[in-house]
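K.L.:
mind folding the following:
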Amino acid sequence: MTNQERKDLCQLLASLFSPPDLEMVRQIHLGTLYSYFQRYMRSWGGEIDLLKGFIIEGEGEGDPGILLNDLEEAYERLFSGLGSEGISLVESSYKLWTQDSHCPLPFASEKGLLMGDSALHLSEVYRQCGLEVAEEFKGCPDHIVMELEFLSYLYQWATDIEVKKFIEDHLDWIPFLEEEFERFCAHPFYRSLSRVLSLFLNEERKRLEIKENG
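P.N.:
Have a look, this model is predicted:
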């Protein structure tokens with residue numbers, strides 16, 4: 001993959017982790033998403049079956065409206081709850097609120113909270129890069145959509161060392177997200193989406209490690 005391809009892939013993944021819309025459904029119906037990911041899946045050594053969530057089967061096969069409604073309901077069920085009622089797409093939720101052992105706050109060493117260390121760090125990084133956080137992500141700048149959009153930005157403007165550092169520091173929680181998708185029996189579309197993201201990141205870790213040591 002070229003950096004342009006990596007940039008485009010991250011932008012697409014960010015859009016697919018956003019609330020579903022008609023354009024997303026149109027791409028599924030046309031088979032565009034399946035074909036797009038299929039060519040990369042082969043080079044990553046992944047099983048093509050992991051993409052089955054991007055194939056339309058059953059009731060929604062001939063009607064985009066049915067599929068859109070299905071995905072909207074799945075998105076609401078999976079990502080709109082709090083705590084044990086849903087899946088968080090925010091990095092802070094999966095890590096200790098702070099690594100500062102001297103923090104006096106009683107919840108400092110708890111998980112499941114927003115605006116932890118990762119969020120504060122990313123807010124500062126965005127500021128230094130001259131990037132503005134969209135209003136909907138002001139309270140969670142470490143949301144998966146923001147992180148993938150920033151990774152896309154890094155592929156265009158940063159070095160491989162900086163890309164590697166970002167993936168290590170801020171995308172190390174994706175395996176926990178995958179586990180949550182399994183636990184909540186997520187819609188096949190979102191399970192395939194999480195697997196594609198995980199495979200891509202694993203390939204990038206290997207590539208960047210080889211490049212750093214080579």
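
K.L.:
ok, for the spatially most central residue of the chain, nearest residue in space, not its chain neighbours?
P.N.:
Geometric centre of the chain, nearest residue: I144, 4.4 Å, by Cα atoms, centre = their mean. Spatial nearest neighbour of I144, chain neighbours left out: L89 (4.5 Å); criterion: Cβ to Cβ, 6 or more residues apart in numbering. To be clear about C-beta, it is placed using only N, CA and C from the backbone, and glycine gets the same treatment.

K.L.:
hang on, that neighbour packs against L177?
P.N.:
Yes - between L89 and L177 a contact is recorded at 7.4 Å, counting by Cβ atoms under 8 Å.

K.L.:
hmm, back to that, doesn't S88 make contact with the residue nearest to the centre of the chain?
P.N.:
No - with contact defined as Cβ under 8 Å, I144 does not reach S88; the gap is 9.3 Å.

K.L.:
next up, the contacts around Y126.
P.N.:
Contacts for Y126 (Cβ atoms under 8 Å, 6 or more residues apart in numbering) come out as E132, V133, P141, F150.

K.L.:
neighbours of C10, just the number please.
P.N.:
For C10, the neighbour count with other Cβ atoms under 10 Å is 22.

K.L.:
now for H121, how many residues are close by?
P.N.:
H121: 15 neighbours (other Cβ under 10 Å).

K.L.:
and if you look at the one 3 residues further on?
P.N.:
Per other Cβ under 10 Å, the neighbour tally for E124 reads 11.

K.L.:
what's the answer for the one 5 residues further on, then?
P.N.:
Neighbourhood size, C129 [other Cβ under 10 Å]: 13.

K.L.:
please identify which of L89 and L177 sits among more neighbours.
P.N.:
Taking neighbours as other Cβ under 10 Å, L89 and L177 compare with L177 leading, 22 against 19.
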